[in-house]
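Asks: fold the following for me, if possible:
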Amino acid sequence: MSRTEILIGGVGGQGVVLSGILLGTAATLFEGKQAVQTQSYSSELRGGSARAEVIISEEPVSDPQVRRPDILIALAEEAIPRYVERIRSKGLLVIDSDLVKGAKPGDYEILSIPATSIADKEMGNIVVANLIILGALLKKTGLLSVESMEKAIEVSVPKKATAMNLKAFRRGLGLF
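Replies: Here you go, the predicted model:
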């Protein structure tokens with residue numbers, strides 16, 4: 001696919017914005033693709049609405065708005081009623097099944113991942129659930145290479161958190 005639109009919806013503190021940054025960084029810095037990443041979030045530090053939009057393309061991106069996402073990543077229940085109707089026909093809905101219960105079958109595929117419980121039980125920290133989701137997404141779609149995403153993690157997260165983030169990402173890869 002020459003252009004992929006991704007919308008990530010959740011709440012503050014789930015790594016929504018970081019997920020978008022990582023996808024855009026991996027695409028542009030390490031795969032030579034074009035990408036645009038935008039974000040919005042409420043003024044609350046944790047718990048408020050958060051959204052990141054990423055467009056990855058082989059061609060220049062002239063419009064940064066995701067209108068019909070090929071991929072919707074729902075990290076919180078509230079993302080479903082807010083964004084699910086926007087998914088492109090035959091698109092992919094990726095959910096954290098520990099937190100999102102209202103996803104209904106539609107004209108899209110659902111990839112259900114118990115990311116929060118895996119992060120809690122295996123990593124001892126639920127804040128890396130987003131990295132588990134990204135690992136599973138890349139394994140499922142091949143959208144970006146594993147190596148590009150690992151490099152993006154290494155340059156984008158604080159040094160003290162790199163090992164845990166890489167471990168969570170690799171755990172997501174191992175789900176398939």
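Asks: tell me the buried residues in the helix or strand of the chain with the lowest mean pLDDT?
Replies: Lowest by mean pLDDT, DSSP states H and E among the helices and strands of the chain is strand 34-41, with a mean of 92. Within strand 34-41, the residues scored as buried using 16 or more other CB atoms under 10 Å are 34, 35, 36, 37, 39, 41. Every residue, glycine included, has its C-beta placed from N, CA and C.
Asks: so which residues make contact with the following helix or strand past it?
Replies: Downstream of strand 34-41, the next assigned helix or strand under DSSP states H and E is strand 49-57. Outside strand 49-57, the residues within contact range by CB atoms under 8 Å, 6 or more residues apart in numbering are 2-12, 14, 16-17, 19-21, 23-24, 27, 33-42, 61, 64-66, 69, 78, 82, 143-144.
Asks: quick one: buried residues of strand 49-57?
Replies: Neighbour count says strand 49-57 has 49, 50, 51, 52, 53, 54, 55, 56, 57 buried, by 16+ other CB under 10 Å.
Asks: low-scoring stretches of the chain, by residue?
Replies: Filtered on pLDDT under 70, the chain yields the residue ranges 1, 43-47.
Asks: surely residue 37 meets residue 24?
Replies: Yes: the criterion here is CB atoms under 8 Å, and residue 37 meets it with residue 24 at 3.7 Å.
Asks: and the host helix or strand of residue 93, which strands flank it?
Replies: Secondary structure assignment for residue 93, by DSSP H and E: strand 91-96. The strands beside strand 91-96 in its sheet (DSSP bridges) come out as strand 71-74 (parallel), strand 108-113 (parallel).
Asks: pick the most buried one from these.
Replies: Burial of those is given as mean neighbour count (mean count of other CB atoms under 10 Å); strand 71-74 ranks first at a mean of 27.
Asks: which secondary structure elements does the next helix or strand after that strand contact?
Replies: On the C-terminal side of strand 71-74, the closest following helix or strand by DSSP H and E is helix 79-83. If you count contacts as 3 or more CB pairs under 8 Å, 6 or more residues apart in numbering; DSSP states H and E, helix 79-83 packs onto strand 3-11, strand 71-74.
Asks: buried residues, helix 79-83. List them.
Replies: Those would be 79, 80, 82, 83, for helix 79-83 by 16+ other CB under 10 Å.
Asks: neighbours around residue 88, how many?
Replies: Residues near residue 88, counting by other CB atoms under 10 Å, number 16.
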